[in-house]
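Participant: My questions concern the predicted model and sequence given below.
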2 protein chains.
Amino acid sequence: MTELSTMKDGVANQAEASDRVLQILAEAGRLFASKGFEGTSMRDIALACGISKSLLYHHFSNKDEIYARVAVGSTLELYLFVRDRIPDGPPSQKIRAFMVATAEYFRRYRWAWIASTTAFWNDPDRSRHKERLTRRDRFENFLRGLIQEAIDAGEIRKVDVPMTGRLILSSLNWMHRWYNPNKSATPEQIAEIFFDMIFNGLRSGELVELPGAEPPKAGRRKPR
Amino acid sequence: MTELSTMKDGVANQAEASDRVLQILAEAGRLFASKGFEGTSMRDIALACGISKSLLYHHFSNKDEIYARVAVGSTLELYLFVRDRIPDGPPSQKIRAFMVATAEYFRRYRWAWIASTTAFWNDPDRSRHKERLTRRDRFENFLRGLIQEAIDAGEIRKVDVPMTGRLILSSLNWMHRWYNPNKSATPEQIAEIFFDMIFNGLRSGELVELPGAEPPKAGRRKPR
DNA sequence: ATTTTCACCGACCGATCGGTCAAGCCCGGC
DNA sequence: GCCGGGCTTGACCGATCGGTCGGTGAAAAT
């Protein structure tokens, strides 16, 4: 049904990979996430895996390939992972499900997620980088489609679609900087809270009816 | 009046610093922002400044100190910069001003901002790191104070204050990952749009009155 | 029984890393 | 004149970087 059956140990989409390769990818992802790409040496990865540095080059051609497997493998599956978790129903609930599913992915594949979204990368191989951006665009365009759907259905205001997508993704993408798995809520619960805040707004009660047409840029009304 | 009078060349709070030092800080910030801390060598910085590597060690004791001057100098002034731009008025408008001021700081000191918020850092000197976190906490607590103010004034719902602060800061902190200075809106305009979305919510028109008491976790109401 | 395959390792390579140092350059005060 | 001190430099250091190489030992294939 889904292509995600081979996920394990927090490493996504590494079908047909040996246990050792999965171990290397998991440890490398964790190190890339916490120390960055240039901050992580091949010796660090080998030491974390309890193997010799040479063995890394037996399974991967170089450091870039390890990072690419972590990052590209991660970003590919994010789209499929989320898409398969969007239920039929009102568009606004699809957006909610999008946020919750993305948060679930973050919780499951946390290190690969962080490594792929934050670690720096020289990228001598341009094609790998373009592939990553293409997948990221597809993910973002998928969200924009849901937002447009919600606008067409009249469930949300006529907001700027790309900007709305950026706001939603910002709330999810920044989570790794403050989220502590040992305390408070799960990422999914946090995503639900953020959805509530963004969808319903922070403003308290008594607003009754938005004026019919509002400026396309930012439909604000001056208080006082 | 304000302590920010010595800002120049995108480098904040480096009073009594020579032009050369300011140049080094500016170039180093730009490099740290685009290639990370470990990804930037002292040779890179020297080359960007058109000077020898030795000269860096004449003005700074080591690489960490350069980064600290960029990052800590940046985070210190962010708080003062924003605080001085919050007008008297309704608390919700203070939050709006907070977001716009933070965006203005981002626009002005973009490289130092990015370097301080994203580059990895070994941090052998624990005190510098703690100072940075202290300042960051002060900045975040300042925002939480404004949110609590708005709740007490009845302008916004009884939301989770820390979580609301995280949502607002996420929208601002993630901006550097997609913002393109050559196109579209200014950071300040983007901040205003985000404020509108978060404050008023995305939901369209006809909501009439929020139920008196809502669950503390996430005040959602099931559509259908 | 022999060959092939494959996971694995220790020693090593040239390049680059952060950092040092002794010496020059330049310019205002005597 | 010339002298002292802050900029500035190139040569150099040990450590570590990503990556290579020859080889080992055990299982699989023949």
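Facilitator: Yep, that arrived. Residues are numbered from 1 along each chain as shown, chains lettered A, B, ... in the order given.

Participant: For the rest of this, base every contact and every neighbour count on C-alpha atoms.
Facilitator: OK.

Participant: Now do the same contact list for the residue of chain A found nearest chain B.
Facilitator: Among all residues of chain A, residue A:201 sits closest to chain B, at 3.4 Å; criterion: C-alpha to the nearest C-alpha. By C-alpha atoms under 8 Å, 6 or more residues apart in numbering or on different chains, the contact list for residue A:201 reads B:197, B:198, B:199, B:200, B:201, B:202, B:203.

Participant: give me the low-pLDDT residue ranges for chain A?
Facilitator: In the predicted model, chain A carries pLDDT under 70 at residues A:1-9, A:12-15, A:206-224.

Participant: can you give me the helices for it?
Facilitator: Here chain A has its helices, by DSSP state H, at A:19-35, A:42-49, A:53-59, A:63-83, A:91-108, A:110-118, A:126-152, A:161-173, A:187-200.

Participant: my read: residue A:198 touches residue B:198, true?
Facilitator: Yes: Residue A:198 is within contact range of residue B:198, at 5.0 Å (criterion: C-alpha atoms under 8 Å).

Participant: Now do the phi/psi pair for the residue nearest to the residue of chain A closest to chain B when sequence neighbours are not counted.
Facilitator: Of all residues beyond its chain neighbours, the one nearest residue A:201 is residue B:201 (3.4 Å), with distances taken as C-alpha to C-alpha, 6 or more residues apart in numbering or on different chains. Here is the backbone geometry of residue B:201 (degrees, to the nearest 10): phi 80, psi 160.

Participant: Equivalent analysis for residue A:18, please.
Facilitator: According to degrees, to the nearest 10, residue A:18 has phi -70, psi 170.

Participant: Roughly how far does it sit from residue A:143?
Facilitator: 34 Å (C-alpha to C-alpha, to the nearest Å).

Participant: Who has more neighbours out of those two?
Facilitator: residue A:143 (24 against 11; other C-alpha atoms under 10 Å in any protein chain shown).

Participant: Stretch A:26-37 vs chain B: in contact?
Facilitator: Yes: contact of stretch A:26-37 with chain B (C-alpha under 8 Å from any C-alpha of the partner chain) involves A:35, A:36.

Participant: who in chain A is up against DNA strand D?
Facilitator: Contact residues, chain A versus DNA strand D (C-alpha under 7 Å from any atom of the strand): A:38, A:40-44, A:53-54, A:57, A:61-64.

Participant: Export these as TSV, with columns for distance to residue B:180 and neighbour count.
Facilitator: What follows is these, written out as TSV (distance: C-alpha to C-alpha, whole Å; neighbours: other C-alpha atoms under 10 Å in any protein chain shown):
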residue	distance to residue B:180	neighbour count
A:38	25	19
A:40	29	18
A:41	32	17
A:42	34	17
A:43	37	14
A:44	35	15
A:53	40	16
A:54	42	12
A:57	38	13
A:61	35	10
A:62	33	12
A:63	30	17
A:64	27	17
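
Participant: of the contacts of residue A:201, closest to residue B:130?
Facilitator: residue B:198 (31.4 Å; C-alpha to C-alpha).

Participant: What separation do you get for the closest one and residue B:151?
Facilitator: The gap separating residue B:198 from residue B:151 is 15 Å, by C-alpha to C-alpha.

Participant: Name the residue in those two with the higher neighbour count.
Facilitator: Remark: of residue B:198 and residue B:151, residue B:198 carries more neighbours, 24 against 20, as counted by other C-alpha under 10 Å.

Participant: What's the local residue count around residue A:17?
Facilitator: 12.

Participant: any idea how far the residue nearest to residue A:87 when sequence neighbours are not counted is from DNA strand C?
Facilitator: Nearest non-adjacent residue to residue A:87, counting by C-alpha to C-alpha, 6+ apart: residue A:94, 6.5 Å away. Separation of residue A:94 from DNA strand C (C-alpha to the nearest atom of the strand, to the nearest Å): 43 Å.

Participant: List the contacts of residue A:94.
Facilitator: A:86, A:87, A:88, A:146.

Participant: who touches the closest residue to residue A:132 other than its chain neighbours in this structure?
Facilitator: Residue nearest to residue A:132 in three dimensions, not counting chain neighbours: residue A:72, with 5.7 Å by C-alpha to C-alpha, 6+ apart. With contact set as C-alpha under 8 Å, 6+ apart, residue A:72 has these partners: A:116, A:128, A:131, A:132.

Participant: how many other residues sit next to the closest residue to the second one other than its chain neighbours?
Facilitator: Looking back up the chat, that one is residue A:128. Spatial nearest neighbour of residue A:128, chain neighbours left out: residue A:68 (7.1 Å); criterion: C-alpha to C-alpha, 6+ apart. Residue A:68: 19 surrounding residues under other C-alpha under 10 Å.

Participant: now do the one 5 residues further on
Facilitator: Residues near residue A:73, counting by other C-alpha under 10 Å, number 19.

Participant: just residue A:145 next, same as before
Facilitator: Going by other C-alpha under 10 Å, the residues that sit close to residue A:145 add up to 16.

Participant: Relative to residue B:117, how far out is it?
Facilitator: 31 Å.

Participant: Could you do residue A:160 as well?
Facilitator: 27 Å.

Participant: What of residue A:97?
Facilitator: Applying C-alpha to C-alpha to residue A:97 and residue B:117 gives a distance of 29 Å.

Participant: Give me the more crowded residue out of these two.
Facilitator: residue A:97 (21 against 17).

Participant: pretty sure the more buried one is touching residue A:85, no?
Facilitator: Yes: using C-alpha under 8 Å as the test, residue A:97 is close enough to residue A:85 to be in contact (7.0 Å).

Participant: List the contacts of residue A:83.
Facilitator: Taking C-alpha under 8 Å, 6+ apart as the definition, contacts of residue A:83 comprise residue A:98.

Participant: which bits of chain A sit near DNA strand C?
Facilitator: So far as C-alpha under 7 Å from any atom of the strand goes, chain A lies against DNA strand C at A:20, A:50, A:51, A:52, A:53, A:54, A:55, A:58, A:59.

Participant: Contacts only, for the fourth one.
Facilitator: Counting by C-alpha under 8 Å, 6+ apart, residue A:52 touches residue A:46.

Participant: same thing with the last one?
Facilitator: Taking C-alpha under 8 Å, 6+ apart, we find residue A:59 in contact with residue A:21.

Participant: tell me, what residue is most central in chain A?
Facilitator: residue A:102 (5.7 Å; C-alpha atoms, centre = their mean).

Participant: ok, so what distance separates residue A:98 from DNA strand D?
Facilitator: Here the criterion is C-alpha to the nearest atom of the strand. By it, residue A:98 lies 36 Å from DNA strand D.

Participant: And for residue A:149?
Facilitator: From residue A:149 to DNA strand D the distance is 45 Å (C-alpha to the nearest atom of the strand).

Participant: measure the residue lying closest to that residue once chain neighbours are set aside to residue B:20 for me?
Facilitator: Using C-alpha to C-alpha, 6+ apart and skipping the chain neighbours, the partner closest in space to residue A:149 is residue A:91 (6.0 Å). Per C-alpha to C-alpha, residue A:91 is found 56 Å from residue B:20.
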